[in-house]
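S.K.: give me coordinates for this.
(3 chains)
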Amino acid sequence: MRALTDYLHMNVTPGEAGNYLWATIYILVIFALVSVAVMLMTWLERKVMAHMQVRLGPMRVGPHGLLQPIADALKLILKEDIVPAGADKVVFWLAPVSVMMIAFTTYLVIPFGRTHAVTDMNIGILFMLGVSSLGVLGIIMAGWSSNSHYPLMGSLRSSAQMVSYEIAMGLTIVSAVLMTSLQNGTGTLSMIGIVESQFAQKTWFVFSGWGLGFIAFVIFAIAMIAETNRAPFDLPEAESELVAGFHTEYSGFRWSLFFLAEYTAMIAVSSIAVTLWLGGWLRPFPNALSSGTWDLVFSLIPGVVFLVIGVVCLWMSMRMPSILKFQKMGFGAFAALIVVIGLVMLLPGVRTRVQDIFWFAAKVTLFMYLYIWYRATFPRYRFDQLMKIGWKVLLPTSLGVLIMTALWGVLR
Amino acid sequence: MGGVAVSLAPVLRKIFLVDLIKGMSVTFRYQDPKELQTEQYPMERPVIAERYRGQPRLGVNPDTGETLCIACDLCALACPEKLITIKSERNPVTKRKEVKSWTYDLSRCMFCGLCEDACPSDALELTQDYEMALYSREGMLLDQKMLERGQTPKVYTK
Amino acid sequence: MSERFYDDVATAEQPGEKTFLDSSELVLNMGPQHPSTHGVLRVILKLDGEKVIGSECVIGYLHRGVEKIAENRTYAQFAPYVDRMDYVAAVSNALGYCEAVEKLLNTEAPPRAQYIRVILTELNRLASHHVWLGTHALDIGALTPLFYTFRDREEILKIYEKYCGARLTTHAFRIGGCIYETYEGFEKEVRDYCDFLLPKIDEYEELLTTNRIWCERTKGVGILNGDDCKALGVTGPVLRASGVKWDLRKAKPYSGYDKFEFEIPTGKNGDTYDRYLVRIEEMRQSVKIIRQAVDGLPEGPIMAKIPKVLKPPVGEVYHSIEAPKGELGYFIVSDGSTQPYRVRVRPPSFVNLQALDKMIKGQLVADVVAVIGTLDIVLGEVDR
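M.R.: Numbering: from 1, shown residues only, chains lettered A, B, ... in the order given. Next up is the predicted model:
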């Protein structure tokens, strides 16, 4: 009991405080919330892509298709589990499990707020990079254990793509880490430390360095799309190409694990981008507008946003045709829930703790929207062109940015 | 200097990903709810043109309730698939042919409209009904009563 | 016959022999059911790693015996079947057939009917190119142009529905002219559509033409030079993109096309990008033709005087038109009865498909899909 309440008065992460109970609670909460976020992300992708394609997307399953992810999950769980005849059973079972676990392990160090991370390792970013590289192993296992040459070729292609873009990612991360050393001479690899140094330097790293930070951010943004096998770099999993990708032979629940692991990895690399360049959990203008009133205004924004969304949903549910009685009631209940959450978030005790998470989530949501926007707009790169970009364009550019950042830091 | 600026423009466009951003602005613009094209089918039905070639119907004289068909057999001759069969007999009193049985096989019909064009008395008409789904194949062989009555769809509550 | 294709790929019979994994050639079957083959087309590819070194098309999965059916139907009864060959561009097929039979009968449709035919056929060309653009972009990975082009195609199909009663299998023309008079508001709707469409074509270009990913995927892919085109008998936008300026609407005008002013776009390199540009420009030229036709629509009868029971004189005729996909030709042999003795259709997609082998030799596997898309084939036409 003491362990529970003691922690609440500290302002460090549970890992730093050595509090295993709270660390476990945080891990379970992150697991649950990220799973919910991934399911919402599938809904969002279908709706946003549909609207960009002048159509509506799912509308029938729940009000505006909100229950569609649940319907999809149920269908996938109830599907027949087919294992190919010559497949290596152990590796076949292990591959989706390992990809999923690796994707979730990266969440150990992502800081959703100053105290809202499971732990703060002093090699945080290195840990994330290393663990996300392990995901390649899962893909190779999946392709090889399927005992069919299409998944094998697809998984080899996919892993080659991921490995080559990780190099560019790593170099840009190093240049961001270099920027953390500008205020006290020693940089830090810890995720929380990087955000704190952005706070201390009074600028998000994307704006610093006379555009160097911006270039590094753009390179990372492109490399992270290739890392997660999303459009325009999604040849390995494109349906209209010959080789259908490493998850051809997987069906039902196993396939859904791959699918969810892809979205989880998307959220994880977006979190890296947000933490390194966009100021993590910091609200806009934490130093410039730091008086008490501005603090109050900004801390009220999360609650107000939820209130507004809830009221709009309530109004939309009133306007729904009465033939859809159950959908109307369900949507109204959902809207009421959001209004209640918004009101709760306006309470003083809650809002100071919640606002960090809100800003972090808002920035990550922006990245998710960008992912969907890219998928709707761009054609696909051919595999040789993809590799050419990774090695011949992104790698030299990120090396150049790294050297220039170092020079700029020395000359300051 | 002007020449350098002109040759620099494509390079700058390439570096700043101008073409990609142009494409993204097009897809962004179309998220406007006014641009939505979806018709949510059971609740919103499409507007059908007058000349639409859909479900066939045999016309009846509204005053007397008699069929307008004069059993001339022109529609049966015009049909490419030979799916109209008309059996008629000559009425000894009025010296006119009268229809005994009139069948139309909807399953092979391609809705080309040749029968409608051939009919001299405006009896056969392809209406604007397009919802012709059935659960059994026997229902597709329409006889005279079904043709005169038209479709009787089962109405569900939603 | 395709057994010989597999012969030189080694299979292991005795230990020590090379197995299929050791051989440097892989035979890959892009089967009849495939999301990008635009129908049921089977392509057997011989690969060396990623490069294609040979290919063979297997067709016939959609063969319905249309030419045989023609021998058992009267001339007027055969017209609905003709729509179903190139089902994407049904009105062009009908135009070709009706004009061929009119040539056999030695008549011509009256001027008003000719203008109406031109308007509907050019709208058809727009509709077909819309489908081509949407599906081609979809194969290359751009998911949105499909929806935009189909949205614009809806307007054309609405005009068709109001005119003749069906959207896709239109049966719009009859032998000797048109049977349907233009409906109330036809000219206004067609003009409005032309005004609506031109900015949309600019938007498609904004999404794709300068997009670096699109350029990299289509420039230099599937090159076919002019001499090869002529040797293989390839016609249509594929021929024009290879630099040969040949369009039947200008070379052998039919149905009053000589009264309209329009240009024929040609390309330089004969690659996929040029074919894309040629078809986009053709869409703009079609709008130009439609505007001229609507403005100059004459009054008069819409049906020529032909007997009710058609019995053309004994003889044969070959008449071809510029369909959206190429030269669509009808060879009709008549033996004096009400039913033709033989109808042979020269489908443009069938002849263009033979160029596939030449175009994908040496290209990568991912380009095969792009090349099939750029040839703009419709299996209904290839197999009839």
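S.K.: and the stretch 101-250 of chain C, which of its residues are near chain A?
M.R.: Taking Cβ under 8 Å from any Cβ of the partner chain as the test, the list of the stretch 101-250 of chain C residues beside chain A reads C:137-144, C:146-148, C:151, C:207-208, C:211, C:213-214, C:216-217. Every C-beta, even on glycine, is put in place using the N, C-alpha and C of the backbone.
S.K.: restricted to helices, list those residues.
M.R.: Among those, the members found in helices (DSSP state H) are C:137-140, C:146-148, C:151, C:207-208, C:213-214, C:216-217.
S.K.: tabulate those residues (JSON lines), appending neighbour count.
M.R.: Below are those laid out as JSON lines (neighbours: other Cβ atoms under 10 Å in any protein chain shown):
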{"residue": "C:137", "neighbour count": "23"}
{"residue": "C:138", "neighbour count": "20"}
{"residue": "C:139", "neighbour count": "27"}
{"residue": "C:140", "neighbour count": "29"}
{"residue": "C:146", "neighbour count": "19"}
{"residue": "C:147", "neighbour count": "20"}
{"residue": "C:148", "neighbour count": "24"}
{"residue": "C:151", "neighbour count": "19"}
{"residue": "C:207", "neighbour count": "25"}
{"residue": "C:208", "neighbour count": "25"}
{"residue": "C:213", "neighbour count": "25"}
{"residue": "C:214", "neighbour count": "23"}
{"residue": "C:216", "neighbour count": "17"}
{"residue": "C:217", "neighbour count": "25"}
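S.K.: max pairwise distance over those residues: which two?
M.R.: Spatial extent of these (Cβ to Cβ) is set by the pair C:151 and C:216 at 27.4 Å.
S.K.: neighbours around residue 65, how many?
M.R.: No chain specified, so I'll use chain A. By other Cβ atoms under 10 Å in any protein chain shown, the residues close to residue A:65 number 18.
S.K.: the intended chain is chain C.
M.R.: 11.
S.K.: hmm, back to that, also near chain B: which of the ones in helices among the residues of the stretch 101-250 of chain C next to chain A, exactly?
M.R.: C:147-148, C:151, C:207-208, C:213.
S.K.: can I get the residues you listed in a markdown table with pLDDT and distance to residue A:383?
M.R.: Below are these laid out as a markdown table (pLDDT from 0 to 100; distance: Cβ to Cβ, whole Å):
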| residue | pLDDT | distance to residue A:383 |
| --- | --- | --- |
| C:147 | 90 | 27 |
| C:148 | 90 | 27 |
| C:151 | 90 | 32 |
| C:207 | 86 | 23 |
| C:208 | 88 | 21 |
| C:213 | 88 | 13 |
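S.K.: out of those, which is nearest to chain A?
M.R.: Minimum distance to chain A across these is 4.0 Å, recorded for residue C:147 (Cβ to the nearest Cβ).
S.K.: so who does the closest residue to that closest one other than its chain neighbours touch?
M.R.: Among residues not flanking residue C:147 along the chain, residue A:53 sits closest, at 4.0 Å (Cβ to Cβ, 6 or more residues apart in numbering or on different chains). Residue A:53 makes contact with A:376, B:30, C:143-144, C:146-148, according to Cβ atoms under 8 Å, 6 or more residues apart in numbering or on different chains.
S.K.: before we move on, what about residue A:216?
M.R.: The contact partners of residue A:216, taken as Cβ under 8 Å, 6+ apart, are A:172, A:175-176, A:205, A:277, A:398, A:401, A:405.
S.K.: which of the residues you listed has the weakest pLDDT?
M.R.: Lowest pLDDT among the contacts of residue A:216: residue A:205, with 84.
S.K.: nearest residue to residue A:269 other than its sequence neighbours?
M.R.: Excluding the flanking residues, the one nearest residue A:269 by Cβ to Cβ, 6+ apart is residue A:224, at 4.2 Å.
S.K.: distance of residue C:89 relative to chain B?
M.R.: Residue C:89 is 18 Å from chain B, where distance means Cβ to the nearest Cβ, to the nearest Å.
S.K.: how near is that residue to chain A?
M.R.: 23 Å.
S.K.: lowest-confidence entry in the contacts of residue A:53?
M.R.: Minimum pLDDT for those is recorded at residue B:30 (82).
S.K.: any idea how far residue A:46 is from that one?
M.R.: According to Cβ to Cβ, to the nearest Å, residue B:30 and residue A:46 sit 16 Å apart.
S.K.: sorry, back to before: quick check: the two most widely separated of the contacts of residue A:216?
M.R.: Taking Cβ to Cβ, no two of the contacts of residue A:216 sit farther apart than A:205 and A:398, at 14.8 Å.
S.K.: which one's more surrounded, those two?
M.R.: The neighbour comparison of residue A:205 against residue A:398 (other Cβ under 10 Å) goes to residue A:205, with 29 against 24.
S.K.: where exactly do the strands run in chain B?
M.R.: Ranges of strands in chain B, per DSSP state E, are B:56-58, B:84-90, B:97-105, B:124-126, B:141-142.
S.K.: now those as TSV including mean neighbour count and mean pLDDT?
M.R.: Listed next are those as TSV, based on neighbours: other Cβ atoms under 10 Å in any protein chain shown; pLDDT from 0 to 100:
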stretch	mean neighbour count	mean pLDDT
strand B:56-58	22	85
strand B:84-90	14	85
strand B:97-105	16	84
strand B:124-126	21	86
strand B:141-142	17	83
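S.K.: who are the contact partners of the nearest residue to residue A:45 once chain neighbours are set aside?
M.R.: Distances taken as Cβ to Cβ, 6+ apart place residue A:372 nearest to residue A:45, at 5.1 Å, with adjacent residues excluded. Shown in contact with residue A:372 (Cβ under 8 Å, 6+ apart): A:44-45, A:48-49, A:52.
S.K.: same thing with residue C:282?
M.R.: So residue C:282 contacts C:125, C:129, C:237, C:265 (Cβ under 8 Å, 6+ apart).
S.K.: may I see those organised as CSV, with distance to chain B and secondary structure added?
M.R.: CSV is the format used below for those (distance: Cβ to the nearest Cβ, whole Å; DSSP: H, G, I helix; E, B strand; the rest coil):
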residue, distance to chain B, secondary structure
C:125, 22, helix
C:129, 19, helix
C:237, 24, helix
C:265, 22, coil
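S.K.: of those residues, which is the most crowded?
M.R.: Greatest neighbour count in the contacts of residue C:282, by other Cβ under 10 Å, goes to residue C:237: 30 neighbours.
S.K.: what's the residue closest to the geometric middle of the chain?
M.R.: The chain I'm using is chain A. For chain A, residue A:267 is the residue whose C-alpha lies nearest the centre (Cα atoms, centre = their mean; 0.9 Å).
S.K.: chain C was what I was after
M.R.: In chain C, the residue lying closest to the centroid (Cα atoms, centre = their mean) is residue C:325, at 2.6 Å.
S.K.: the residue lying closest to that residue once chain neighbours are set aside and residue B:128: what is the separation?
M.R.: Using Cβ to Cβ, 6+ apart and skipping the chain neighbours, the partner closest in space to residue C:325 is residue C:348 (4.3 Å). Residue C:348 sits 35 Å away from residue B:128, going by Cβ to Cβ.
S.K.: more neighbours, those two?
M.R.: residue C:348 (31 against 15).
S.K.: right, I'll leave it there.
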